[in-house]
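Q: Okay, sequence plus prediction incoming.
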Amino acid sequence: MTDNVKKHETPLLDELLKGPWPSFVKEFKTLQDKKAVANDLLGQLEYSYKTKLGYWKHGGIVGVMGYGGGVIGRYSSLAEMFPAVKHFHTIRVNQPAGWFYTSKALRTLCDIWEKRGSGITNMHGSTGDIVFLGTNTEELEPIFEELTKEGFDLGGSGSNLRTPSCCNGQARCEWACYDTMGLCYDLTQTFQDELHRPQFPYKFKIKMAGCPNDCVASIARSDLSIIGTWRDNIQMDQSAVLKYASDGLDIQKIVVMNCPTKCLDWNGKELKIDNSNCVKCMHCINVMPKALAPGKDRGATVLLGSKAPIIEGAMLSSVLIPFIKLEPPFKELKDVIGRIWEPWAEHGKNRERIGEFIERVGKGNFLEEVGIDPVPEMVKHPRENPYIFYDEYLEDE
Amino acid sequence: MTDNVKKHETPLLDELLKGPWPSFVKEFKTLQDKKAVANDLLGQLEYSYKTKLGYWKHGGIVGVMGYGGGVIGRYSSLAEMFPAVKHFHTIRVNQPAGWFYTSKALRTLCDIWEKRGSGITNMHGSTGDIVFLGTNTEELEPIFEELTKEGFDLGGSGSNLRTPSCCNGQARCEWACYDTMGLCYDLTQTFQDELHRPQFPYKFKIKMAGCPNDCVASIARSDLSIIGTWRDNIQMDQSAVLKYASDGLDIQKIVVMNCPTKCLDWNGKELKIDNSNCVKCMHCINVMPKALAPGKDRGATVLLGSKAPIIEGAMLSSVLIPFIKLEPPFKELKDVIGRIWEPWAEHGKNRERIGEFIERVGKGNFLEEVGIDPVPEMVKHPRENPYIFYDEYLEDE
Amino acid sequence: MSEKQARITDIGPPHHDKFLPPVIKENYGKWKYHENPRPGVLVHVSHSGAKIWSVRCATPRILSVISIRKICELADKYADGYLRFTSRNNFELLITKEANVDPAIKEAIAIGYPVGGTGNSLSNIVHTQGWVHCHSAATDASGVVKAVMDELFVHFQEQKLPAKLRIALACCLNMCGAVHCSDISILGVHRRPPKADDANLGKICEVPNLIASCPTAAIRPTTKNGVATVEIEEEKCMFCANCYTVCPALPINDALNDGVSIWVGGKVSNARSTPSFSKLAIPWLPNTPPRWPEVVSAVKNIVDVWAKDARPYERVGEWVSRIGWPRFFKKTGIEFTKHHIDDFKHCGGTFATSTQMRHNG
Amino acid sequence: MSEKQARITDIGPPHHDKFLPPVIKENYGKWKYHENPRPGVLVHVSHSGAKIWSVRCATPRILSVISIRKICELADKYADGYLRFTSRNNFELLITKEANVDPAIKEAIAIGYPVGGTGNSLSNIVHTQGWVHCHSAATDASGVVKAVMDELFVHFQEQKLPAKLRIALACCLNMCGAVHCSDISILGVHRRPPKADDANLGKICEVPNLIASCPTAAIRPTTKNGVATVEIEEEKCMFCANCYTVCPALPINDALNDGVSIWVGGKVSNARSTPSFSKLAIPWLPNTPPRWPEVVSAVKNIVDVWAKDARPYERVGEWVSRIGWPRFFKKTGIEFTKHHIDDFKHCGGTFATSTQMRHNG
Ligand code: SRM
Ligand code: SRM
Ligand code: SRM
Ligand code: SRM
Ligand code: SF4
Ligand code: SF4
Ligand code: SF4
Ligand code: SF4
Ligand code: SF4
Ligand code: SF4
Ligand code: SF4
Ligand code: SF4
């Protein structure tokens, strides 16, 4: 113990030291002797487990100078019992794209955080940040200074652009239809101002996945979802298909029958793909990675608007651009991003996500504003109700 | 011409005397010489064709004594040009179930209508009524008297039960899973009061189809849709199946591949049905009526709430009772109808159809009120949003 | 009191038993199967071996008593006076003797009632009043129907379509014809906000009710020339005419801008796919009486493309489900506009929330 | 000004290039295929023939600097110091020499980081803060995750499930974990309306804002003991806690009635079926720390039934789509209640509008 405080007993939490899955309680315990904050966190959590209630208070804006995000202020409502967690703010540190690290970089982060905070992290937060869990208001500036000196910066929070994130893409995946990590880095740098200074009606998230498997759940968890895909034919190595078959894969049952548009045909000797009906779902490729691959004319589908349910119900992102080529410097995409932010930033209501905004003003109107032509790929099906806001009409001559 | 009025020229409408499809203009023309009202109707319609506008006015309650429905009041706004259609009310006459007639009965109706109205009808209106198109306020009572003397009564309009209708069912269809016409007659008689005297927040329609083909569009066009179905296995005559095959029917392509749950299996010699997965869609039976038939344990699915779009968007009826046996005197069904009317009649807003009412108060609450247990058959899928109105909770002891 | 008793009320319709041919009465509920020997003719066969032939004849739905009497004669001559009407406004002669079938057909056709509409064909168009009787109509009903059926007549007579084809028409958004669930729907639409009859509105209508009737809150109270009336916020109006239903002093008809929209892909039966709503294909076509050539050719085009492309038993909506909406628009050459994208209350559910797409289709 | 310049801001994250192993740099964008030699291990093969092995190890997501340093040692020893974390909070050792793979696995397991989560297995549970850090939590996050993963551990280690199994947890309706689209979701829920802290509310919160924050208009202004506060119309409250987010003086936590709901059948990938939301399976289970036995067995039950019944590559939602919801409830023995029937704004679309049903299933 750095401070001379009594180690809290945690009989309930100790139950969670048992079992094969790695224990978060152990993580706290490794620091309990070293840090009063870890000890008091354990104490308060044990108290939560006993009483079945949380004891954190939100509110009160804390942060670093000039930034409007990156820190979540949090205070214990049991500060008298657990004084070391009286302040317990988290810091969101912008992760490197694809969450790649060297041990050296990680150790640098550890050193800063051990010195100036609880020593406890989330690797990573749900949005993708490195989350430093628990520190005092006074430590914020020093931490920020030390982080930036080492080349790290804060991530987003509040009504900002949130930290963009992406799958590991071309770094380690054969299916990536564009350079997710390159784009993620580029957008993060391009939009530093939007990331650090609130200028939107509410949060805005960007996630990038290299192919329709969507390994970062971008279609469900980001206002802007950029998902790799291709326009031409699936690449196929017929002999590798045969190898899968002779190795025992039931191609008919496992592959063909699961194709959503039934555009595969397998006669035991040859796999045929009616590519004009392939909807690029990835399934056949997923099952036979050595035989099939996305086509060569690659790019991405851009979708807008996903979010959690508060308050109109959850949304999935919906198609904005069916296909876009994505090569550095990603000019067309950045241009589109600027254009979609504009009407939302101007006309969005407080705490209205862009998906909600689009539903409120009408996707057709939104497209007009943004200068994108409506195409049927944007809808599951055309409208079923007759409430058309006609805006053209004839006038008597 | 009964009256000495000039026959209107109708050059535009005359265009519609041409062509192979039967012409409604011809129907008017057959009476133009006999009836001023037909002549003026033609005149006004020609004027509409010329100006591309309608010239009817609604409003003003007209009807027969003691009834709150059955007559739609209508007035020409061009009465000076076309005095014979100054009043042009329609009368809805309750059709016999299944729209069966003898020539004798039809002639009786014709005689009454030729004497007391325009002589023009709709056989039938969209709800199912015999529609007498166009008469004066003064004729309403005499017509009613003459109709009832001949055994006919008025149908519904306004915030009433509307005229129930049904497919021809067991009268001429091998697939009818219950006696649609019997039930239709019975319900119409049982609910005469509701049919003739407004006692609901808005209209209420009942349509009955003998099987899931739904030849009266009940699932789309009636607040209460009663659609025949069965619970046991499809009846099959294997030799008749083979006959279809040898006559050239591609059973695999036309029947098996179109089964929504893929529960059919055809090996060229035998058709197998996994009845536990059959959803009673009728398709296979429709294609091979001589080989397949609905099972023997027959009854109906009861669904609630369909309607046209005004004003919240169109609705299809949704499942209330997955399966109900329907034998005279249909006690259980009538009981349910009474129970569903109660909360709606009491708490429904003005011009709120029952489907809208259910969405507003919550289907779960509605079921509780009506005393029907919720079952998963009622939903496409359980709720996706977390906004649960929990109504049970624990209290400290 | 005695007078009241003399008056007959609440008797309901006559019992159908009175109108059933004997063979139906005897075989009620005992039918075993049916055949469709030729377009327009069904023969139902009972477990007892008994048969009944139905000959289905088209009507324009609007029938004068003169015509009904002619139809009665036909029924008397070939069907012992028994006939019925169908849920799509055709009539069916119910014939007991096979030998009567062909002569009945011949005579029906001769006196102007074409035979067909059975099996995988186009049957009669379910429709509504239009300018013949309704105050609310944005187009005529019967005229459009006649023009369309003249053009598609062969599909009524033959059974060469991939599946049943159900067309419906409604002359306004009230949709008295089942256009919300039809293979192809023709719907009369307004495109201009109602114009208040300021002088009379206050007298005829209750302003608060009127304001409440507008689903988009486009109606605001105002005073003009000293009398209470309303004004319509044009941007908010979606031309539903609900206000006009509530208040006749708010006419919405507009000769130049009323017109017709086309919808596709709805269905009612539970066969194969579940019942579904029609979807917007063409937002607006002009009202061009007497024969609405734009509407006719738009409908014909859709029918032609579908008939050529669909698999057997694939209804219009099922066909589009298989090929996808982008291809529907491509194949039919119909333009996709912002109006096709739902912007009403529950629009979110209609947006494409997946990357699944035919990029090289 | 000079001070301001000295301060480094807006530099963004370090470029990932600095952190990529040489083999990845050289083969960036050139990978040809991958294999999955054993659970937890992937080998990606480049068009150049180069290979990289990834060994995936579980973490509890909450990591102390002590543990991170241990992981760094592991990376130094077997992976030249290169590692990454995944989108589900596992870490992956990026190994260039095949010979290092087995020893790395052995040591990872030995120091407490089990290897697995690849292929058709259960990977780590995406989750949130819970009582460890969030004011809003209706349940703990990490504790429930630990208890569930202990029970389902074999599915992390093996790849014998029909398809990938994605479980997520969020401690309140804000759903910071992607529970709205997961195979199985565990969601903390409140069941009692917030209780106004009358004495302080007026001081801390703006009442009009607060009233506006309630989606069901359940909050009404009132005065108690002379101070402005609000009261909650209990019948209208759906326990969303949006008011509490806006105003800390409206605590909604309730030790007895907060608990956990279970959701199933969501997914994110576009593979086979399109992305879809999770659906309610169990409306409420009690909060029973430290090991939430009711929640654990409810999740295990669903996994067991699915694992036994589903076809290969059938995610939970795809399986239910095939067998139908009635059977899901039957097979899992979960009770269907009125709470399962949607009654929120767009509920109509979730009602069964067809007669298609497995009556004898
Ligand atoms: C830390 C984190 C959860 C975690 O344990 O990982 C988190 C934590 C909070 N989220 Fe979140 N959200 C986190 C990712 C998400 C995600 C997932 C994602 O980004 O992929 C979502 C769902 C996607 C979305 O954006 O809709 C999410 C949807 C919300 C919402 C609902 C927003 C909505 O529009 O529906 C709220 C409510 C709000 O904004 O008031 C919210 C609010 C919050 C607050 C700020 C609540 C509060 O007022 O205190 C939480 C702070 C907790 C704390 O103690 O730090 N959080 N939040 C995640 C951020 C870490 C990071 O930066 O990496
Ligand atoms: C490492 C990671 C990306 C990253 O940048 O971090 C990743 C990596 C791979 N994913 Fe993924 N996926 C990763 C999260 C996801 C997610 C996101 C999530 O879980 O939140 C999804 C969407 C899940 C969903 O649909 O709900 C995801 C859906 C897939 C799929 C589609 C699965 C399906 O059938 O629906 C595949 C294809 C497959 O495995 O057949 C896939 C395939 C792959 C491949 C095989 C791609 C490749 O060739 O390298 C990688 C190894 C998969 C494996 O575990 O066997 N990956 N993958 C993520 C690992 C998370 C983890 O630690 O377990
Ligand atoms: C006559 C008929 C159309 C026809 O040509 O067949 C008809 C005609 C009218 N309908 Fe209808 N509806 C007729 C069947 C329908 C149907 C179809 C059905 O019943 O199967 C519907 C759609 C199903 C439904 O009930 O939703 C229908 C949905 C409406 C609506 C929209 C109701 C809604 O809740 O969305 C209105 C508007 C209203 O009630 O104010 C309406 C209103 C009207 C009014 C009363 C409009 C008015 O205020 O004047 C029309 C009187 C026209 C006239 O000149 O007589 N009519 N109406 C049909 C009744 C004949 C009969 O009794 O057999
Ligand atoms: C006479 C009539 C019922 C009545 O009481 O009036 C009727 C009678 C028959 N229908 Fe129907 N249907 C009748 C309206 C309907 C309707 C309602 C409508 O069109 O508004 C439908 C629902 C349409 C829809 O889904 O939008 C309907 C959907 C069917 C189906 C399912 C078709 C499909 O594949 O979706 C069948 C089965 C079949 O034909 O394969 C069917 C089959 C039949 C059979 C074969 C039943 C039988 O064994 O007797 C009858 C002859 C059909 C034929 O035309 O070849 N009937 N049938 C109606 C004739 C209307 C007309 O004049 O054309
Ligand atoms: S989303 Fe596609 S490209 Fe990215 S890691 Fe997953 S499978 Fe690979
Ligand atoms: S990617 Fe999907 S849609 Fe395309 S062929 Fe393969 S399984 Fe079929
Ligand atoms: S609904 Fe069924 S029972 Fe009634 S006529 Fe149509 S096919 Fe026959
Ligand atoms: S009735 Fe429909 S679901 Fe049942 S076996 Fe026949 S085609 Fe399949
Ligand atoms: S659809 Fe409209 S215009 Fe046509 S009859 Fe019905 S209410 Fe009148
Ligand atoms: S037409 Fe409809 S939207 Fe327009 S003012 Fe009238 S009620 Fe409102
Ligand atoms: S889900 Fe709710 S309780 Fe959990 S971290 Fe997010 S906001 Fe906090
Ligand atoms: S919890 Fe939600 S519904 Fe209840 S009062 Fe607060 S904001 Fe309103």
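A: Sure, I can see it. Ligands and ions are numbered 1, 2, ... in the order given.

Q: Go ahead and flag the most central residue of chain C.
A: Centroid-nearest residue in chain C: C:A168, 2.3 Å away (criterion: CA atoms, centre = their mean).

Q: what about that one, which SS state?
A: strand (DSSP: H, G, I helix; E, B strand; the rest coil).

Q: what's the answer for A:E369, then?
A: Classification of A:E369 using three-state DSSP returns helix.

Q: surely it meets A:W341?
A: No. Applying CB atoms under 8 Å, one finds A:E369 not in contact with A:W341, separated by 11.3 Å. Yep, even glycine has a C-beta here, placed from its N, CA and C like the rest.

Q: ok, back up a step: distance of the residue nearest to the centre of chain C relative to C:E151?
A: For C:A168, the distance to C:E151 equals 16 Å [CB to CB, to the nearest Å].

Q: ditto for A:R339
A: 45 Å.

Q: cool, and A:P20?
A: Relative to C:E151, A:P20 is positioned 73 Å away (CB to CB).

Q: More neighbours: these two, which one.
A: Applying other CB atoms under 10 Å in any protein chain shown to A:P20 and C:E151 shows that C:E151 carries more neighbours, namely 20 against 16.

Q: and A:D297, what does it touch?
A: Contact analysis of A:D297 by CB atoms under 8 Å, 6 or more residues apart in numbering or on different chains lists A:W230, A:R231, A:D232.

Q: let's see it at 10 Å
A: Contacts for A:D297 (CB atoms under 10 Å, 6 or more residues apart in numbering or on different chains) come out as A:C177, A:T229, A:W230, A:R231, A:D232, A:N233, A:F323, A:K325, C:H359, C:N360.

Q: For the chain, which segments count as helices?
A: Let's take chain A. A:11-14, A:24-32, A:36-51, A:103-116, A:140-149, A:169-172, A:180-190, A:192-196, A:218-221, A:238-246, A:283-287, A:331-347, A:354-361, A:363-370 (DSSP state H).

Q: ah, no, chain C please
A: With DSSP H, the ranges of helices along chain C come out as C:2-6, C:22-27, C:65-79, C:101-110, C:142-151, C:153-157, C:198-204, C:207-213, C:242-246, C:293-309, C:316-323, C:325-332.

Q: So for A:V5, what pLDDT did the model give?
A: As predicted, A:V5 sits at a pLDDT of 64.

Q: Over to the one 3 residues further on?
A: Confidence at A:H8, expressed as pLDDT, is 97.

Q: A:K86 versus the closest residue to it other than its chain neighbours, what's the distance?
A: The shortest distance from A:H8 to any non-neighbouring residue, by CB to CB, 6 or more residues apart in numbering or on different chains, is to A:G43 (3.5 Å). According to CB to CB, A:G43 stands 13 Å off from A:K86.

Q: Contact residues of the stretch 151-300 of chain A facing ligand 1?
A: A:G155, A:T163, A:K205, A:R221 (CB under 6 Å from any ligand atom).

Q: can you list residues touching both of A:G43 and A:K86?
A: Residues touching both A:G43 and A:K86 (CB under 10 Å, 6+ apart) are A:L78.

Q: Who has more neighbours out of these two?
A: Taking other CB under 10 Å, A:G43 and A:K86 do not tie; A:G43 has more neighbours (23 against 15).

Q: what about the closest residue to A:R107 other than its chain neighbours, distance to D:K18?
A: Of all residues not flanking A:R107 in the chain, D:C72 sits nearest, at 5.7 Å (CB to CB, 6+ apart). In this view, D:C72 and D:K18 are 16 Å apart by CB to CB.

Q: before we move on, what about C:I8?
A: Going from C:I8 to D:K18 by CB to CB gives 96 Å.

Q: thinking C:F277 is in contact with C:H346, fair?
A: No. If you go by CB atoms under 10 Å, C:F277 and C:H346 don't touch, sitting 11.7 Å apart.

Q: Who has more neighbours out of the two?
A: Set side by side, C:F277 and C:H346 show more neighbours around C:F277, with 25 against 17, by other CB under 10 Å.

Q: residues contacting that one?
A: Neighbours of C:F277 in contact, by CB under 10 Å, 6+ apart: A:381, A:383-385, B:220, B:309, B:313-316, C:179-182, C:185, C:263, C:265-267, C:317, D:353.

Q: Run through the chain and note the low-pLDDT ranges.
A: In the absence of a named chain, chain A is used. For chain A, the stretches with pLDDT under 70 are A:1-5, A:59.

Q: Not quite, go with chain C.
A: Using pLDDT under 70, the flagged stretches of chain C are C:1-5.
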